[in-house]
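# okay, here's the prediction I keep looking at, along with the sequence it came from:
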Amino acid sequence: MSAPSTVLVTGGGGFIGSHTCVELLDHGYEVIVVDNYSNSSSQVFARVERVAGRFVGAVYDLDIRDRHALSAVFDRHTVDAVLHFAGLKSASGSLRRPVDYYDVNVGGTMALLGAMHSHGVHQLVYSSSCSVYGAAGPGPIREDAPTRPGHPYAQSKWICEQILADLCRRHPEYSVLCMRYFNPAGAHPSGLLGEDPRGTPDNLMPYLAQVAVGRHPRLSVRGGDYPTRDGTAVRDYLHVMDCVEAYRTALDHLADRTGLQVFNLARGKGSSVLDVVDTFSRACGRQVPYEVEQRRPGDVAELVADVSAADRAWGWRPTRDLADMCRDSWRFQQLNPLGYAGSARRQKPSG
Ligand code: NAD
């Protein structure tokens, strides 16, 4: 199998996808994007191209569940590998709309696999989630820890992982990486790219940034009675730039072996919600207001990764800390108080 050079990025307009596009362009890959902008904006690509100094090869506005449209993308481009980010990602949203989550996350992945298979594309990096571990208990979680998905979002990711395992068992020509992200946060250091979800953010750091810039009165800390150091939930935050460097390094190595491999992507360090509030408050120069409320259904006390497998596999180690994430996230929010709204669109014709 040859190393991939043209990469299809599903969900390339989103938080991790857009930063990944820059990283891939910076490293000489040809990038093709599909996104339906259900949680992003097409305006991000003018910025991706400005930061990278190169054009994205093509951008298609389509829903990955549209098998016909997706297949046409594969007909039109010789795709070597796929990075699959497109999906719905809110745990609480999945409790409200479970069927939508299975439809987009599982149905969308099935449509993608169908298009890949019929076009002979056998290299895939799949975006999974630490939520597949569920209530794993304290201490660093290794990839072989038992899985206990506690809500439909986590379950949808776990189902896809199992589908991919079956695919690789039956078709040994496939090379698939499942990346179990913990909590990607931060932004590109340029201040041009960051996390700009539609509606109210479900993740802590973009919500904090929007409170700090005055878009919300205060942060709701969901749960102050967990069995953790300060009672708030502990998570493993990873700078999005470390995350996408890991992704690109993994892609460089994707052709080295076939079969399914699973990796945690995290820093291996836990921070409580209040640690993040304190660090963010220092970054923006004032205390960000918050109040402690009831726990969110499906949430767990602590999720911290063992990250040694990624280090062993690719020599990858994160280099940025929580202060870096808060500083970069704040820079993006300060420079773009309303996110990408109103910013210039890319000039190159789409698709
Ligand atoms: P995001 O919501 O910013 O990006 C997802 C992108 O997919 C968006 O641009 C959205 O418009 C697009 N999309 C959604 N449904 C689509 C569809 N049916 N067809 C085409 N495009 C569609 O999310 P993100 O933070 O960049 O996360 C990327 C992936 O990583 C997701 O699969 C998510 O589940 C996973 N993940 C993220 C986190 C996190 O904290 N950010 C943690 C664990 C796993």
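Thanks, I have the structure now. Residues are numbered from 1 along each chain as shown.
# quick one: low-confidence parts of this protein?
1-4, 348-351 (pLDDT under 70).
# next, the contact list for the residue nearest to G231 when sequence neighbours are not counted, please.
Nearest residue to G231, sequence neighbours excluded (C-beta to C-beta, 6 or more residues apart in numbering): G224, at 4.5 Å. C-beta: built from backbone N, CA, C; applies to glycine. By C-beta atoms under 8 Å, 6 or more residues apart in numbering, the contact list for G224 reads 231-232, 292-293.
# which one (most neighbours) among those residues?
T232 (23 neighbours; other C-beta atoms under 10 Å).
# part of a strand, is Y60?
Yes. Secondary structure of Y60 (DSSP: H, G, I helix; E, B strand; the rest coil): part of a strand.
# pretty sure it sits against V31.
No. Counting by C-beta atoms under 8 Å, Y60 does not reach V31; the two are 12.0 Å apart.
# looking at the two, which is more packed in?
Neighbour tally, Y60 and V31, criterion other C-beta under 10 Å: the higher count belongs to V31, 26 against 20.
# the more buried one and P337, how far apart?
Distance from V31 to P337, counting by C-beta to C-beta, to the nearest Å: 29 Å.
# repeat that for A154.
From A154 to P337 the distance is 33 Å (C-beta to C-beta).
# quick one, what contacts the residue of the stretch 1-150 of the chain found nearest the ligand?
Closest residue of the stretch 1-150 of the chain to the ligand, C-beta to the nearest ligand atom: G14 (2.0 Å). Applying C-beta under 8 Å, 6+ apart to G14 gives the contacts 35, 39-40, 85-86.
# near the ligand, which residues of the stretch 201-350 of the chain show up?
By C-beta under 6 Å from any ligand atom, the part of the stretch 201-350 of the chain that sits against the ligand consists of N203.
# now the helices for the stretch 201-350 of the chain?
204-212, 240-252, 273-284, 308-314, 322-335 (DSSP state H, counting those that start in this stretch).
# columns distance to R346 and mean neighbour count on top of the ones you listed, output as JSON lines?
Compiled in JSON lines, the helices of the stretch 201-350 of the chain are given as follows (distance: least, C-beta to C-beta, whole Å; neighbours: other C-beta atoms under 10 Å):
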{"stretch": "helix 204-212", "distance to R346": "23", "mean neighbour count": "24"}
{"stretch": "helix 240-252", "distance to R346": "20", "mean neighbour count": "22"}
{"stretch": "helix 273-284", "distance to R346": "30", "mean neighbour count": "20"}
{"stretch": "helix 308-314", "distance to R346": "32", "mean neighbour count": "16"}
{"stretch": "helix 322-335", "distance to R346": "19", "mean neighbour count": "21"}
